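S.K.: With the input below, show me the fold.
(one chain, ligands or ions: 1)
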Amino acid sequence: MVQIPINKNKEAMRKDPIIKRHFISFDGGVRQDASYQRPDRYSMVERISKHSPIIARGGGYSYSAASFSEKSLVVDMRCFNRILSFDPQSGIVEVEAGMTIASLLEFATPRGFWLPLLPGYPEITIGGCIGANVHGKNPYRHGTFAKRVVDINLYHPVYGIRRISPESESEIFELTCGGYGSLRLQPLAGDQTVTVQTPVQNLAEGLEVTRQASMQYEFAYSFNELSPFPKTFGRGCVIGSEVLSGSVNSGKIIPKYFPITPESRTRLPYSIWGGWRTRVIEHLYWLLETSRNKKKKENLFQFAFPFAANGKYFLFYGRKGLVEYQVIIPDENVETFLSAAEKIILDNRMEGVMGSMKLFKGRQKFLRYEMDGVCVTFNFARTERTLNSLPRLDKLVIAMGGLPNLIKDSRIPRDVVVACYPELEKTRNALRNYDPDRLFRSELSERLGL
Ligand SMILES: Cc1cc2nc3c(=O)[nH]c(=O)nc-3n(C[C@H](O)[C@H](O)[C@H](O)COP(=O)(O)OP(=O)(O)OC[C@H]3O[C@@H](n4cnc5c(N)ncnc54)[C@H](O)[C@@H]3O)c2cc1C
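M.R.: Down below sits the predicted model:
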């Protein structure tokens with residue numbers, strides 16, 4: 001007789017697929033218990049009640065609570081992760097929305113294709129990329145994810161499945177919160193990248209070099225030290241990278257890595273980042289980076305997802321987590337913004353850790369994080385002092401005509417969103433028109449009164 005162990009949990013889920021689960025936003029700012037289901041066939045999705053709130057969930061890598069709410073059934077879509085069709089002539093691939101961007105890359109690369117617009121973590125799903133209209137490492141050149149989407153099968157419990165595209169139903173397409181559909185991949189010249197690193201001494205120099213690099217390279221962004229010490233504030237490197245023409249490895253391109261999740265990120269009880277510790281780590285990193293060869297070759301995966309190998313960066317924020325403050329500032333105001341933001345961070349001794357800049361190009365619409373300008377990101381340890389000082393940064397962003405990224409900040413107050421997003425009310429009305437009972441609800445959408 002052969003005994004086969006059965007995973008009790010999975011069995012239980014198949015019989016009674018709704019369980020209670022604790023959810024944490026990736027930044028650690030929102031924690032809630034909610035009902036949870038992980039369907040693995042479409043009939044299960046179709047059986048979900050048409051009368052009580054639900055919210056779809058991908059990998060849960062949003063820093064804000066965009067894919068859970070204590071009042072909604074959280075429907076984890078990651079079992080729907082297949083490639084449905086691929087046309088090597090046009091590069092159009094049809095995928096289920098639960099597929100991760102790493103799996104898509106793993107499928108596409110050996111076939112000589114890829115997606116140049118990749119957010120920074122491999123476990124993020126295609127549904128999450130569409131839902132948040134994410135950007136990659138040079139949004140000035142590649143724009144945002146919606147540009148890659150040919151069409152979407154959008155499911156609503158009342159209407160069933162509707163196929164929508166930018167041409168057929170442009171308003172719903174632009175409002176879209178997910179589904180599955182076709183993406184246009186791009187031919188790939190090779191699967192190695194070459195990166196040139198340019199050291200910079202402060203944010204102003206970082207901005208100037210990032211601007212040049214964005215015109216010159218396929219990918220361009222800066223990373224900058226943010227610990228509140230005037231001498232080293234803003235010091236860092238600008239990364240400019242190209243894909244090298246050459247052979248494409250027909251085997252696996254994904255090295256082994258240990259995925260970090262919103263829950264495992266909180267494993268350390270205390271933050272390693274903060275005060276002199278941040279300064280010491282930043283200084284060691286600076287010495288390491290400036291002593292290295294300024295040109296380095298990497299495989300595409302390692303380049304696209306630096307945090308896959310450096311997940312400790314997020315673990316170091318400990319249980320309380322981090323604040324990712326990400327805004328697009330119009331070109332004409334960015335110098336003023338950077339020097340005023342530096343003053344706020346230094347004067348208030350906010351627990352800054354790392355910053356980054358990218359050039360952005362896009363048209364602002366609804367609540368989409370997209371417009372012409374410079375995308376500036378600040379990472380802080382989530383301490384009282386930081387949280388108490390953030391309203392000063394919010395005020396500055398409003399005065400500069402900036403746009404905060406709602407998917408990156410679980411704290412952002414509604415009045416700031418009202419002041420920065422001229423189409424908030426229009427979005428609210430359009431959503432209510434499409435979904436009058438507001439069946440799709442997350443903590444984020446409720447906080448914004450959508
Ligand atoms: C380390 C790290 C790096 C990141 N780098 C970047 C970056 O470079 N650029 C950038 O723009 N963002 C970046 N992000 C943010 C991330 O790309 C977005 O938050 C993205 O939405 C997360 O996708 P997800 O699969 O985890 O979806 P979730 O966070 O679970 O959900 C996000 C939204 O999509 C909806 N959704 C998800 N799946 C479906 C589906 N199947 N059907 C319908 N709706 C769905 C959810 O309801 C929710 O509204 C980063 C995040 C992390 C943690």
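S.K.: where in the protein is pLDDT low?
M.R.: Applying pLDDT under 70 to the chain picks out residues 1-16, 177-181.
S.K.: Pop the domain breakdown of it in here.
M.R.: Annotated domains of the chain cover 12-77+413-450, 83-188, 192-411 [automatic domain parsing].
S.K.: would you turn those domains into TSV with mean neighbour count?
M.R.: Backbone N, C-alpha and C define where each C-beta goes, glycine included. Formatted as TSV, the domains of the chain follow (neighbours: other C-beta atoms under 10 Å):
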stretch	mean neighbour count
domain 12-77+413-450	18
domain 83-188	20
domain 192-411	18
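S.K.: Format those domains as TSV; extra columns: distance to the ligand.
M.R.: Output for these, formatted as TSV (distance: least, C-beta to the nearest ligand atom, whole Å):
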stretch	distance to the ligand
domain 12-77+413-450	2
domain 83-188	2
domain 192-411	4
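S.K.: quick one: the strands in the stretch 101-250 of the chain?
M.R.: Using DSSP state E, counting those that start in this stretch, the strands of the stretch 101-250 of the chain run over 113-114, 149-156, 160-164, 180-184, 186-187, 192-200, 219-225, 236-244.
S.K.: could you dump the ones you listed to TSV with distance to E171?
M.R.: Listed next are the strands of the stretch 101-250 of the chain as TSV, based on distance: least, C-beta to C-beta, whole Å:
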stretch	distance to E171
strand 113-114	30
strand 149-156	12
strand 160-164	9
strand 180-184	17
strand 186-187	27
strand 192-200	38
strand 219-225	32
strand 236-244	35
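S.K.: mind checking which of these is nearest S389?
M.R.: S389 lies closest to strand 219-225 among these, at 18.2 Å (C-beta to C-beta).
S.K.: Contacts made by that closest one with the rest, please.
M.R.: 136-138, 140, 193, 200, 203, 206-207, 209-210, 213-214, 232-242, 282, 286, 303, 354-359 (C-beta atoms under 8 Å, 6 or more residues apart in numbering).
S.K.: Neighbouring strands - and their directions - for it?
M.R.: With DSSP bridges as the test, strand 219-225 is paired with strand 236-244 (antiparallel), strand 352-360 (antiparallel).
S.K.: now for those, which one comes closest to A146?
M.R.: Across the strands paired with strand 219-225, A146 has its closest neighbour in strand 352-360 (14.0 Å, C-beta to C-beta).
S.K.: Give me the distance from the closest one to the chain's centre.
M.R.: 14 Å (C-alpha atoms, centre = their mean, to the nearest Å).
S.K.: Strand 192-200 and that one, what's the angle between them?
M.R.: Here strand 352-360 runs at an angle of 120 degrees relative to strand 192-200 (axes from the mean of the first three to the mean of the last three C-alpha atoms, to 10 degrees).
S.K.: Tell me the helix or strand right after strand 352-360.
M.R.: Once the chain leaves strand 352-360, the next helix or strand it forms, by DSSP states H and E, is strand 373-381.
S.K.: Please render the strands paired with strand 219-225 as a markdown table that adds distance to Y63 to the earlier fields.
M.R.: Putting the strands paired with strand 219-225 into a markdown table (distance: least, C-beta to C-beta, whole Å) gives the following:
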| stretch | distance to Y63 |
| --- | --- |
| strand 236-244 | 21 |
| strand 352-360 | 14 |
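S.K.: Quick check: the gap between L118 and I124.
M.R.: 9 Å (C-beta to C-beta, to the nearest Å).
S.K.: now do N429
M.R.: From N429 over to I124 the distance is 30 Å, taken as C-beta to C-beta.
S.K.: same deal with G236?
M.R.: Counting by C-beta to C-beta - G236 and I124 are separated by 24 Å.
S.K.: Check which helix or strand P17 maps to.
M.R.: Applying DSSP H and E, one finds P17 in no helix or strand.
S.K.: What residue, apart from its backbone neighbours, is nearest it spatially?
M.R.: Q37 (4.9 Å; C-beta to C-beta, 6 or more residues apart in numbering).
S.K.: and that neighbour, what does it touch?
M.R.: Here Q37 is in contact with 17-19, 44, 48, 73-76 (criterion: C-beta under 8 Å, 6+ apart).
S.K.: Many thanks, have a good one.
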